[in-house]
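Asks: prediction below, plus the sequence it came from.
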Amino acid sequence: MASKFTRSNSTGWLMAGPAAVLMGLFIVLPFLFAIGLSFTNQRLISPNPTQFVGLSNYSQLLGVGLLTLEPERNEAGDVVRAEDGAVSYPALRGYTRNNPDYPQLDGMREWFSFSLGESRTYVLARDVVFAKAVVNTIIFVLVVAPVQGGLALVLALLINQKLRGINVFRAIYFMPVVVSIVVVSLLWRFIYDGQSGLLNNLLSALTFGAFPRIDWLGNPSTALGAIIAMSIWQAVGFHMVIWLSGLQTISPSLYEAAAIEGASKWQTFRYVTWPGLRNTAVLVLIVITMQAFALFAQIDVMTSGGPLDSTQTIVFQAVERGYGKQDISGGSTISVILFVFVLAISLLQRWLTREKK
Amino acid sequence: MAQLSADNHGLRLVVRYTVLGLIALIFVFPLVFMLMSSLKPDAQLLSDTRSLRAFLPVGDISLDNYFDAFRRAPVGLFIFNSVIVTGVTVVLTLFICSAAAFAFVFVDWRGRDLVLTLILATLIVPFETIAIPLLLIASKLPWLGFDGLTYGWLNSYQVQIIPFVADGLTIFLFVQYFKDLPGELIEAARVEGASWWQVYRRVVIPLAGPVLATAAILKFLVMYNQYLWPLMVVQEERYRPVMVGLQYFFQLNRAWGEIMAYLSLITVPVLAFYLFLQRAFIASIASTGVKG
């Protein structure tokens, strides 16, 4: 359409300008700010001028170290044991506080530890809470992406049948998507409650009281799982609809051909349906991954990161520091780390699901 | 034989509907629980969770929780704020993003491809990664209002609206839709002497009904359900939206009945709106899936 009637620099800038300026100011600029601020000690309100601090925000957040300790021995060379038989090791503090032989471990704390033979290996982190937040977020993403994507596909296949009234079921499965995640989180607090929670009551009724009551959100070993289950419940309908639109792009003649060839249901899925869903699969995985990395509202409403930091997440930490403690530079650094994660995973997923020739 | 296969068919139908129905129960039970609990006094609400009564409007049923919720917090104000913020954002977004997409698709101008590429690149930047620096920017921006020139947007309507009126996804949706419109139509209008504004207003917008609906629904859902941003930028009651207003119900003595009433109050209108426009809602989400 390159003619003198469609060419106009002033009209182009006039009409696209507002969107370009707004997005520059409220998306691109804060994005660049996040990178810039992560090298400073900027606070929301501070009497002191902002200073350049290099990579120290990053090393503060990401610093990890390993320390292997041999058991303490008495003069005879035997391992010292407590009354209950537990082996005792030298105190960690001796290595992480101003020990000139271990400058790289200075200021670190124990994250977790494990035993190999008699020696014990300690994994140390400069910021243990953030380390846990990163691991929790990655667990959340690694569980939610395949499970939610898979369940959404199963639902989409169920909904794709020709049945009277099928749209009613589609509408119901999609319903939680339009409800705020804040509202959903509050409702599920009630479901997960340790006393009168619906889940405990259901499990105890099904097992005639044999199932012990669990405080699902108050227990470090179940809290993250409970939040994962609820998050999948809320968002699975969204991806069901995306799978459905993918299913509907597959030509019916392919299914007819498969039926004529006498293909089984599984063969039809494997050789007709699934190849036709390749692009949809990439999209669903990327969207779920991006949403999962942004995990915040559920945590804020349900657990505030507890119990024992078992539900800390990257975004929750960014908000707690950047907003709660007004530590803009710390929050920005976490934001940059989050962005690097999201970008890396999207590129990886695109590469893994690329067209193979 | 015919009889047998008919029975078989009937049985399979029953199995299919049973499976579909059980799954439907999983998705619907928390919402039914919310609605029913909002009608019950606290003591009954808690004791009812031990049986199926939790999902039935039985016992001491009343609207008292709703009246109490209004007494406890300025619920009307929160709803008003949410309606203002959501409504204004949706209208401005439709205008700004459709105009931009119009320029990208129909107008030939220097810098067009570069600007469009940059705008689409923002799609991989999750809001959560820019929220903290955006907070710093918003706390310093100037504003010319009724009180003259002021600095800092915290605690206002504009801080909840203006950062969100231009976004990559909405522009992308409009661009995709406009590309499928016949370009000759626009060129013909130009040849006949129509101004760019007339082409946009009288030719393109009247043809854009479906994409306007899609964009409006998606923006509505995002804005009404926003939580992280208003939590950070609105401390004053005057500007609080419904999701942040929830905090009122967790201070001091916690009354579950009132919480359920408040949750119902802010959720039911959206659910009703959704059920009424169900096809359009689902089509909106599906259309975001075209970008694969």
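Replies: Yes, it's here.
Asks: what sits against the nearest residue to residue A:44 once chain neighbours are set aside?
Replies: Excluding the flanking residues, the one nearest residue A:44 by Cβ to Cβ, 6 or more residues apart in numbering or on different chains is residue A:326, at 3.9 Å. Quick note: C-beta positions are derived from backbone N, CA and C, even for glycine. Applying Cβ atoms under 8 Å, 6 or more residues apart in numbering or on different chains to residue A:326 gives the contacts A:43, A:44, A:45.
Asks: quick check, nearest of those to residue A:203?
Replies: Proximity to residue A:203 was ranked across the contacts of residue A:326 by Cβ to Cβ; first place goes to residue A:44, at 45.7 Å.
Asks: export the contacts of residue A:326 to a markdown table and tack on pLDDT and neighbour count?
Replies: Converted to a markdown table, the contacts of residue A:326 look like this (pLDDT from 0 to 100; neighbours: other Cβ atoms under 10 Å in any protein chain shown):
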| residue | pLDDT | neighbour count |
| --- | --- | --- |
| A:43 | 84 | 17 |
| A:44 | 80 | 17 |
| A:45 | 79 | 7 |
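Asks: next, the residue in chain B that chain A sits nearest to: phi, psi?
Replies: In chain B, no residue comes nearer to chain A than residue B:109, which is 2.6 Å away by Cβ to the nearest Cβ. Here is the backbone geometry of residue B:109 (degrees, to the nearest 10): phi -140, psi 160.
Asks: now do residue B:142
Replies: According to degrees, to the nearest 10, residue B:142 has phi -80, psi 160.
Asks: center of chain B, which residue is that?
Replies: residue B:221 (0.9 Å; Cα atoms, centre = their mean).
Asks: please name the residues that touch that residue.
Replies: Applying Cβ under 8 Å, 6+ apart, the residues contacting residue B:221 are residue A:178.
Asks: that one: helix or strand, and which one exactly?
Replies: Assigned by DSSP states H and E, residue B:221 belongs to helix B:209-224.
Asks: apart from its chain neighbours, what residue comes closest to residue B:61?
Replies: residue B:39 (4.8 Å).
Asks: quick one on the thing from earlier: so how far is the helix holding residue B:221 from its chain's centroid?
Replies: Taking Cα atoms, centre = their mean, to the nearest Å, one finds the center of helix B:209-224 at 7 Å from the center of the full chain.
Asks: likewise stretch B:20-38?
Replies: 21 Å.
Asks: could you export the helix holding residue B:221 as CSV, CA atoms only?
Replies: Extracted in CSV, the C-alpha atoms of helix B:209-224 (Å, rounded to 0.1, in the frame of the first residue of the first chain):
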residue,chain,number,x,y,z
GLY,B,209,-16.5,-4.5,16.9
PRO,B,210,-15.2,-8.0,17.7
VAL,B,211,-11.6,-6.9,18.5
LEU,B,212,-12.9,-4.0,20.6
ALA,B,213,-15.0,-6.5,22.7
THR,B,214,-12.0,-8.8,23.1
ALA,B,215,-9.6,-6.1,24.1
ALA,B,216,-12.2,-4.6,26.5
ILE,B,217,-12.9,-7.9,28.2
LEU,B,218,-9.2,-8.8,28.7
LYS,B,219,-8.4,-5.3,30.1
PHE,B,220,-11.4,-5.4,32.3
LEU,B,221,-10.3,-8.7,33.9
VAL,B,222,-6.8,-7.5,34.4
MET,B,223,-7.7,-4.2,35.9
TYR,B,224,-10.6,-5.2,38.1
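Asks: still on that earlier bit, against residue B:205, how distant is the residue of chain B closest to chain A?
Replies: Residue B:109 sits 20 Å away from residue B:205, going by Cβ to Cβ, to the nearest Å.
Asks: who has more neighbours out of those two?
Replies: residue B:109 (20 against 16; other Cβ atoms under 10 Å in any protein chain shown).
Asks: what score does the nearest residue to the more buried one once chain neighbours are set aside have for pLDDT?
Replies: Of all residues not flanking residue B:109 in the chain, residue A:12 sits nearest, at 2.6 Å (Cβ to Cβ, 6+ apart). Residue A:12 carries a pLDDT score of 87 in this model.
Asks: same check on residue A:280?
Replies: 86.
Asks: now do the contacts for residue B:185.
Replies: Neighbours of residue B:185 in contact, by Cβ under 8 Å, 6+ apart: residue B:203.
Asks: chain center to the helix or strand hosting it, what's the gap?
Replies: Taking DSSP H and E as the definition, one finds residue B:185 inside helix B:183-191. Centroid separation for helix B:183-191 versus its chain: 35 Å, with Cα atoms, centre = their mean.
Asks: name the residues of it that are buried.
Replies: Within helix B:183-191, the residues scored as buried using 16 or more other Cβ atoms under 10 Å in any protein chain shown are B:186, B:187, B:189, B:190.
Asks: and the strands in the chain?
Replies: Here I'm looking at chain A. Ranges of strands in chain A, per DSSP state E, are A:64-69, A:109-116, A:119-125.
Asks: that's the other chain; I wanted chain B
Replies: Using DSSP E, strands in chain B cover B:142-145, B:148-151.
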